[in-house]
Structure formats: C-alpha cells, structure tokens
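**Student:** Following is a predicted model, sequence given first.
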Amino acid sequence: MVNRRVLVVGASSGLGAALAVLHRRAGDDVAAVARRARRLDALERYGASDGAGRWESVELDLLREDAVGLLHERWNRFRAGRADDVPSLVYLVAATGDDSDLAALVTLNFRRPVELIRALAAPGTTIVAISSLAAVVPFPGLAAYCASKAALEAWVTAHREDHATPLVLVRPGKFDSELTGAASGSDPGALPWETARRVMTGAGGRSALITLGGRRDRTAARLAPLIGGRRTRRLVLDAAPPGRWGRAVRGAWTTRSASRGILR
C-alpha cells in the first residue's frame, strides 16, 4: 500500500535527490521535478528496489513564467486515481546562491516557492520549504541568498497564520551540495542521506520552524533575534574553541535577555 504521494521540487541533486530516493524506497509514490532530466533518470534507476513506490520524472525549468501552472497540472495528474485519504507531501528544495542574475535568484528562492505554496495547498497536503540559517545569520558573499531566505521565512510565517495547510520551514544545516561547490552534490552515492532523513522526520502534519545542523546552528538560531545576526555569526559560528564560544554565548544571552526582560 502506498504511504504517501510526494512531490520534490529541485530533485536532481543534493538534498532534493536524497529526499526523492528515500521516499520512493519507503514505498511512497514520488514525482521528482528538475530541469536536468538525465539526472532524474539516473536517480530513478538508483532508487529502484523491492517495494519501491512509483517514480515520475518531471523535466521543468522553474524560471519559465508558466512553470507553476504546468507543475500544478502534472501534480494533479500524478495524484489522479488515488484514494483521497492518501496524504500528500510537497518539498520545495530548489534554490541558488548565484547572484550574478539577481532576478533569477529571487525567483527561485522566494517567488516560485510562494507561488507553489499558494497553488499546491490542499486538504491532506503538508508543504515543506527548505530554508537556511542564512535567513537570520548573514554570511559574507551571500547577501542576496540570505535576503531571499529571510523573505521566504517571513512570508511563510505570516501566511500560515490564516491557512490550514501545514507549512514546515526547515533549516537543514550544512551539507555537500552544488550550492556549497561540492561535486558530490550530484553523485547518487554521496548524497546527504542523514540530513534528508532528519528533514523527513521533521516533516510532520503540523506547521513548524525546524533548525537542524549541529549545536552551533541551533544556538545561533536562538541567539540571532536577541543580539543580531552579524554578532551571532562572529560569536558562535566563527569562533573556534567550543568552550570559549559557549561561555561567550551564555554571557551575551544573559545580558541581552535581562535587558529585554526575557529572563524570569
């Protein structure tokens, strides 16, 4: 019996590829979307196993102006004929850090996810949008990427207040991908499997903001709203000795929280 119907947007490499393969091996029906069809075909062969769910490759460039309408139509066809009570899960993974074309970056990282959430929201569907710690902690050289992720988080946070479809924001932490320049991002044998499993665990039926990664990522996510993203990056992420940054963080947290009346 099929567990779920899963749509992965940005499935040709990295986290999206790992999510698509793991869901299929778990028996879910998977529609994998990307602009590079050959990579999707390779993943289909790689993910084949006994008990694997159905796989459909959808070649689509999200920069096309009609991309949302085309994807909505393909997704509806993919789900047709299945029982209405079979839950659906949508992952929005596609992103770019290349700001040489600012319009394309904003489209892929913010505009398309927003449009897809609006188009694909439905009863029984959970939508998972992949964000980044960069939404709250700015990184040099990635200004546009950081801004786009911050915009996506702000929009999702506001949007889900008035809508029933569960919207999950996940900051997955650092992993090998094309965004980080790792060649293994497109190698099926070296995909970020553990990160994908953790994302799948967090993709429950309730809206949430989940920060994965290590202790430093989680600490930075909590600290940034209190002392600012730039100071948090220098204090937590750029600091080398764990003992030193741990003491510094506790001191900064206590001082800032007390000044704002947060500590009781």
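**Tutor:** Cool, got the structure.
**Student:** Nearest spatial neighbour of Trp55, chain-adjacent residues omitted?
**Tutor:** Take Trp55 and drop its neighbours on the chain: the residue closest to it by C-beta to C-beta, 6 or more residues apart in numbering is Glu44, 4.8 Å away. Any C-beta I mention is one placed from the backbone N, CA and C, and that applies to glycine too.
**Student:** and that neighbour, what is it in contact with?
**Tutor:** Each residue near Glu44 by C-beta atoms under 8 Å, 6 or more residues apart in numbering is listed here: Ala32, Trp55, Ser57.
**Student:** of all those, which comes closest to Leu120?
**Tutor:** Ala32 (15.2 Å; C-beta to C-beta).
**Student:** For burial, what's the neighbour tally of the closest one?
**Tutor:** 30 (other C-beta atoms under 10 Å).
**Student:** Could you give the bridge partners of it?
**Tutor:** For Ala32, the beta-bridge partners are Val8, Ser57 (DSSP bridges).
**Student:** any idea how far it is from Ala17?
**Tutor:** Distance of Ala32 to Ala17, computed by C-beta to C-beta, to the nearest Å: 8 Å.
**Student:** Check Gly228 too.
**Tutor:** Here Gly228 is placed at a distance of 35 Å from Ala17 (C-beta to C-beta).
**Student:** quick one, which of these two is more surrounded?
**Tutor:** Ala17 (30 against 16).
**Student:** So that one sits against Ala11, correct?
**Tutor:** Yes: counting by C-beta atoms under 8 Å, Ala17 does reach Ala11; the two are 5.7 Å apart.
**Student:** Overlap in contacts, those two.
**Tutor:** Common neighbours of Ala17 and Ala11 are listed as Leu43 (criterion: C-beta under 8 Å, 6+ apart).
**Student:** Report the set of residues contacting both of Ala32 and Ala17.
**Tutor:** Ala11, Leu43.
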